[in-house]
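Peer 1: My questions concern the predicted model and sequence given below.
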There are 2 protein chains.
Amino acid sequence: MTQAIEQPKTLSTGAALGATFSALRCRECGETYELGAKHVCEDVCFGPLEVVYDYDLIRQRVSRASIEAGPKSIWRYKDFLPVASDNPIDVGTGMTPLLKADRLARRLGLRSLYIKNDAVNMPTLSFKDRVVSIALSRARELGFSTVSCASTGNLANSTAAIAAHAGLDCCVFIPADLEAGKVLGTLIYNPTVMAVKGNYDQVNRLCSEVANTQGWGFVNINLRPYYSEGSKTLGYEVVEQLGWQLPDHIVAPLASGSLFTKIYKGFQEFVKTGLVDAKDVRFSGAQAEGCSPISQAFKEGRDFVTPVKPNTIAKSIAIGNPADGIYALDIARKTNGNIEDVTDAEIIDGIKLLAETEGIFTETAGGTTIAVLKKLVEAGKIDPDETTVAYITGNGLKTQEAVQGYIGEPLTIEPKLDSFERALERARTLERLDWQQTSV
Amino acid sequence: MTQAIEQPKTLSTGAALGATFSALRCRECGETYELGAKHVCEDVCFGPLEVVYDYDLIRQRVSRASIEAGPKSIWRYKDFLPVASDNPIDVGTGMTPLLKADRLARRLGLRSLYIKNDAVNMPTLSFKDRVVSIALSRARELGFSTVSCASTGNLANSTAAIAAHAGLDCCVFIPADLEAGKVLGTLIYNPTVMAVKGNYDQVNRLCSEVANTQGWGFVNINLRPYYSEGSKTLGYEVVEQLGWQLPDHIVAPLASGSLFTKIYKGFQEFVKTGLVDAKDVRFSGAQAEGCSPISQAFKEGRDFVTPVKPNTIAKSIAIGNPADGIYALDIARKTNGNIEDVTDAEIIDGIKLLAETEGIFTETAGGTTIAVLKKLVEAGKIDPDETTVAYITGNGLKTQEAVQGYIGEPLTIEPKLDSFERALERARTLERLDWQQTSV
């Protein structure tokens, strides 16, 4: 362990010269604050704080051409992001493929389906690399030497890795029952790892207390207004990769709800600054049945979210008390979208379906998205002709436990041609049986 | 299983109109062959066949600007690749980050070190996605409906995934003792998997027999002349990402030796076609001590490679009878490079060193490269001022077994502030003890 735990140096909290962002503002009451490490409206209403941008300035500065000439990472959208430095932490995060998924589309009965594939995001194979690249760049500007997070796994991987690259000390908090790949995929970077006996919501509450006592930069607590802006790049990239057009419909997983709301914000900002023509985009959200507080509220027509205790294999999205749940609800309703949930068995089928048709191995969150996509199509809630984008947010190598026992096995053979030929004959026979059973 | 095993349709083997490649030619005797599924000079000397290009035509067609305007994948270099179709299989493979590794450089005592990070290559997180994208695109052109490979793991992942996306039937062959992540990371795409009781060299021999009897396209056997060309893109990308300059020194792992020779060929082709100025580049190769036939030949001054029986944790590079070993030897010698090998313990330390300093989690092959890089620097065989590029070829999430037990553990705590504070105090005490022990 290498972290030297210490109080941050004097924080620079004012607006930087030439920056496109100038303050924090409460989403609920509009109260403004300096650009420090702060995430709730503590003077007035305890609402969430958001970054305030000067969109006129952004509009003057950016064009499609200027973006296309930028780096092949999220930093090509730097004028839309809350980092002042000309030298942010760039480890190649972002600009993941938008794959035309024709084989999956045919299987589902869609005609224009795309997969936004953050299962291969850099460096740690989930969309969290986007938000962490922003948060740690901002943490450095604010003078923090130790960074931290409350995580369901992917965020810990990303914070530990990018902190290692940037030379920041790091302490992460995870629920003690996480998947082995997510724990090892954090420890390898040598941060301090606190495994908390409890679920994510308990980890999160503990971290709020720690943030108040240790003087650390918690990417998803006191740095949350900066951090969450990173998810807007999932909106920007899809617009650019569709040839500067908005899609008709997006399907994304819902954990805290933040990702969903920021994709929406990203689309809006590109319209507002003249980069893309306005169009109605439908927003549909995906949850696991074992942790579906937002889906339940949606189906019951509520405008509030009742916390639940998570019980699902989709641990990376198992947030029982989602901070941005009500905003996600609002977006799904006003865009004529839907929020749906699926069982663990459907999630596993979703993982397999995406792998078999498109060669993309996603973790449980991605399986949830694909299973909900399928369910919505079958219910007639996605038009076959809509240009639909499904967001895949993490890699299947991190949650191998979820599919073990549900996929085929190798045929073990001797290194001899006749042994191979016998095995192949067995495989063909089994396949014919499968086929006969399926067609009966 | 979905493959329908059948003979390939009539193969098209002649040169395509407008293509930059026209024939296969024996590397040893120069005999030429039509552009079919063939990899050895069976009429004359049994030497390996290579693709013949028209470099005058390439020079007329490509420029730095035309490449920069191309897709963000290996297909930006299409004129240098043996695929005729305007519609090759593009799943976003290539254009992985070239990361300036300042923290690792300082630790090693270098001043200009870069990591070419194929641990985040798309879609299956190793450099094999490059060669497979080429091989399957060519397989489709040649009329194959079933593709196959002999693999140490990464190649099976990649062949199965890209075949799934392209809708090709797939049967892969692996040694039965592979790492769990590599087996599961193949099965998820639902190919037929043959687990052979034997080492890679035995798997490879079996596959050569199968290739002669089944009429399948084996990416690294009968399609090998096309397949191996994909590794040239690791040379092209480094040149482009260094701002159209050659590096001074590269360090890459040696398995069959093919990767090494193709990076060399990539640099030469860019010089030959006027895209970059000529310069001497030193080529150094990395092997695991437990499978170091090329390193042994190098140290003993031999120009032939004596096969060995592999015994190392670095399974993805454990090829005891390397097909391109003598060509790799030749390149290391004529460029004033070196070939070195390291123990399994040094490989694990190499994995940890790269993770802690740069936030990149690589598999055992990458650990081998970093450990050899360190050994060469310590032996004075890399000048601190040389611009050095180390090639990281695969992701650590696939070989988790290798580091389990060699990394730290989480500190398990209750979801309470005082439990956290006691754990933090323990961590600090341990860290001080570590520090005291280190400094004694």
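Peer 2: Thanks, I have the structure now.

Peer 1: from memory residue A:320 sits against residue A:198, does it?
Peer 2: No - proximity of residue A:320 to residue A:198 does not meet the contact threshold set by C-beta atoms under 8 Å, at 11.3 Å. C-beta: built from backbone N, CA, C; applies to glycine.

Peer 1: can you give me the end-to-end distance of stretch A:264-280?
Peer 2: One end of stretch A:264-280 sits 11 Å from the other (C-alpha to C-alpha, to the nearest Å).

Peer 1: Could you give the secondary structure assignment for residue A:173?
Peer 2: strand (DSSP: H, G, I helix; E, B strand; the rest coil).

Peer 1: Can you show me the strands along chain A?
Peer 2: Assigned by DSSP state E, chain A shows strands spanning A:21-26, A:32-33, A:49-53, A:98-100, A:113-117, A:146-150, A:169-175, A:192-196, A:217-218, A:249-253, A:282-288, A:339-342, A:388-392, A:411-413.

Peer 1: Output those strands in JSON lines, with mean pLDDT appended to each entry.
Peer 2: Below are these laid out as JSON lines (pLDDT from 0 to 100):
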{"stretch": "strand A:21-26", "mean pLDDT": "97"}
{"stretch": "strand A:32-33", "mean pLDDT": "97"}
{"stretch": "strand A:49-53", "mean pLDDT": "97"}
{"stretch": "strand A:98-100", "mean pLDDT": "97"}
{"stretch": "strand A:113-117", "mean pLDDT": "98"}
{"stretch": "strand A:146-150", "mean pLDDT": "97"}
{"stretch": "strand A:169-175", "mean pLDDT": "97"}
{"stretch": "strand A:192-196", "mean pLDDT": "97"}
{"stretch": "strand A:217-218", "mean pLDDT": "98"}
{"stretch": "strand A:249-253", "mean pLDDT": "98"}
{"stretch": "strand A:282-288", "mean pLDDT": "98"}
{"stretch": "strand A:339-342", "mean pLDDT": "98"}
{"stretch": "strand A:388-392", "mean pLDDT": "98"}
{"stretch": "strand A:411-413", "mean pLDDT": "96"}
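
Peer 1: how close does the residue nearest the centre of chain A sit to residue A:93?
Peer 2: Chain A has residue A:127 as the residue nearest its centroid, 4.3 Å off, counting by C-alpha atoms, centre = their mean. From residue A:127 across to residue A:93, the span is 9 Å (C-beta to C-beta, to the nearest Å).

Peer 1: Quick check: neighbours shared by those two?
Peer 2: Counting by C-beta atoms under 8 Å, 6 or more residues apart in numbering or on different chains, the contacts common to residue A:127 and residue A:93 are residue A:121.

Peer 1: pretty sure the residue nearest to the centre of chain A is touching residue A:366, no?
Peer 2: No - using C-beta under 8 Å as the test, residue A:127 is too far from residue A:366 to be in contact (10.3 Å).

Peer 1: list the residues that contact both of these two?
Peer 2: What both residue A:127 and residue A:366 touch, as defined by C-beta under 8 Å, 6+ apart, is the set A:393, A:394.

Peer 1: What pLDDT does the model give the residue lying closest to residue A:71 once chain neighbours are set aside?
Peer 2: In space, and not counting its chain neighbours, residue A:71 is closest to residue A:90: 6.5 Å by C-beta to C-beta, 6 or more residues apart in numbering or on different chains. As predicted, residue A:90 sits at a pLDDT of 95.

Peer 1: residues touching residue A:90, list them.
Peer 2: Contacts of residue A:90 by C-beta under 8 Å, 6+ apart are A:71, A:73, A:75, A:133.

Peer 1: taking those residues one by one, which sit in helices?
Peer 2: Counting by DSSP state H, the contacts of residue A:90 place residue A:133 in helices.

Peer 1: Just name the closest of the contacts of residue A:90 to chain B, please.
Peer 2: Set against chain B, the nearest of the contacts of residue A:90 by C-beta to the nearest C-beta is residue A:73 (8.2 Å).

Peer 1: Now for the residue in the stretch 251-400 of chain A that chain B sits nearest to, how many residues are close by?
Peer 2: The stretch 251-400 of chain A approaches chain B most closely through residue A:359 (3.6 Å), counting by C-beta to the nearest C-beta. Number of residues near residue A:359 (other C-beta atoms under 10 Å in any protein chain shown) recorded here: 28.

Peer 1: correct me, but it touches residue B:164?
Peer 2: Yes - Residue A:359 lies in contact with residue B:164 (C-beta under 8 Å); the separation is 4.1 Å.

Peer 1: Which neighbours do those two have in common?
Peer 2: Joint contacts of residue A:359 and residue B:164 (C-beta under 8 Å, 6+ apart) are residue B:189.

Peer 1: Tell me which stretches of the stretch 251-400 of chain A form helices.
Peer 2: For the stretch 251-400 of chain A, the helices defined by DSSP state H, counting those that start in this stretch cover A:258-272, A:293-299, A:325-334, A:344-358, A:364-378.

Peer 1: Against residue A:398, how distant is the residue lying closest to residue A:184 once chain neighbours are set aside?
Peer 2: In space, and not counting its chain neighbours, residue A:184 is closest to residue B:400: 5.4 Å by C-beta to C-beta, 6+ apart. For residue B:400, the distance to residue A:398 (C-beta to C-beta) stands at 10 Å.
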